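Q: Fold the following for me, if possible:
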Amino acid sequence: MSQQLEVVKFRDLIPVRSIPRVVPGLSNTTVEVVGEDFSSVETVLINDIQVPEFIVVDGKTMWAQLPDNVDSVQTIEVQSSKFTRTAAGSKLKFEIGEATKTVSGILKLTQLFTKWMLQSPGSDIFDPGRGGGLQRLVGQILTSKKMESVGVVLARSIDQTASQIRTTQVNEPNLPLDERLLSAALIGVNISGDKMEASARVRIISMAGDEAVSGLTL
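A: Numbering: from 1, shown residues only. Okay, the predicted model is just below:
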């Protein structure tokens, strides 16, 4: 199995069921968070700001300190250290981090697909035709405020990227099946006109039958 440096970090989004109360007796305002399984929590964001501290009380309960200048919870996002293979989707970060690691299999394939999908054609002098151009295309749509076109552009970019990867992999006979692309499809998109933001979920399936869901916010 081949290895590649991890530069796109995919992390599970852990479902949150409720925030029942403010934890009493603490010097900093801390809320109690109830969810499905907090055993692998890596990062917690409240109102899109990373909390300064959190404590996992048990598998389904966590205490999270409110960030500075935040007095109420509008949104909360709990990220796991694990890579998702569920329909719930994942959050991705473009970074190498302090401790480098390598990836293989379906995670390597998902990383490759995400990078190619965002890449603008012409940005690689060695392969000017490569790229789904998603980042540039969605940026143009968001700027023009034609939000209804986002889904069409996403689907087109995914199809184009999948076709490019499959064509390239034909010339890689030793590539493992779990790193060889079978299909990719858009399975969900949420559009926020107020935030001028689009969030999409893309299902990627390898020739080995492994499946992953990549969550992407633009």
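Q: the strands in this structure, which residues?
A: For the chain, the strands defined by DSSP state E cover 4-5, 8-12, 16-22, 30-35, 41-46, 49-50, 54-58, 61-65, 76-80, 90-94, 102-103, 181-192, 197-206, 211-217.
Q: Can you tell me which of these is most buried?
A: Comparing the strands of the chain by mean neighbour count (mean count of other C-beta atoms under 10 Å), strand 8-12 comes out on top with a mean of 21. Every C-beta, even on glycine, is put in place using the N, C-alpha and C of the backbone.
Q: and the strands of the chain as JSON lines, adding distance to residue 111?
A: Formatted as JSON lines, the strands of the chain follow (distance: least, C-beta to C-beta, whole Å):
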{"stretch": "strand 4-5", "distance to residue 111": "7"}
{"stretch": "strand 8-12", "distance to residue 111": "4"}
{"stretch": "strand 16-22", "distance to residue 111": "27"}
{"stretch": "strand 30-35", "distance to residue 111": "27"}
{"stretch": "strand 41-46", "distance to residue 111": "18"}
{"stretch": "strand 49-50", "distance to residue 111": "23"}
{"stretch": "strand 54-58", "distance to residue 111": "27"}
{"stretch": "strand 61-65", "distance to residue 111": "29"}
{"stretch": "strand 76-80", "distance to residue 111": "17"}
{"stretch": "strand 90-94", "distance to residue 111": "9"}
{"stretch": "strand 102-103", "distance to residue 111": "6"}
{"stretch": "strand 181-192", "distance to residue 111": "12"}
{"stretch": "strand 197-206", "distance to residue 111": "10"}
{"stretch": "strand 211-217", "distance to residue 111": "9"}
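Q: Rebuild those as TSV, extending it with mean pLDDT and distance to residue 131.
A: Converted to TSV, the strands of the chain look like this (pLDDT from 0 to 100; distance: least, C-beta to C-beta, whole Å):
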stretch	mean pLDDT	distance to residue 131
strand 4-5	54	18
strand 8-12	61	15
strand 16-22	93	35
strand 30-35	94	37
strand 41-46	88	29
strand 49-50	90	31
strand 54-58	91	38
strand 61-65	94	39
strand 76-80	85	28
strand 90-94	52	15
strand 102-103	70	21
strand 181-192	84	15
strand 197-206	82	15
strand 211-217	77	15
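Q: Okay then, goodbye and thanks.
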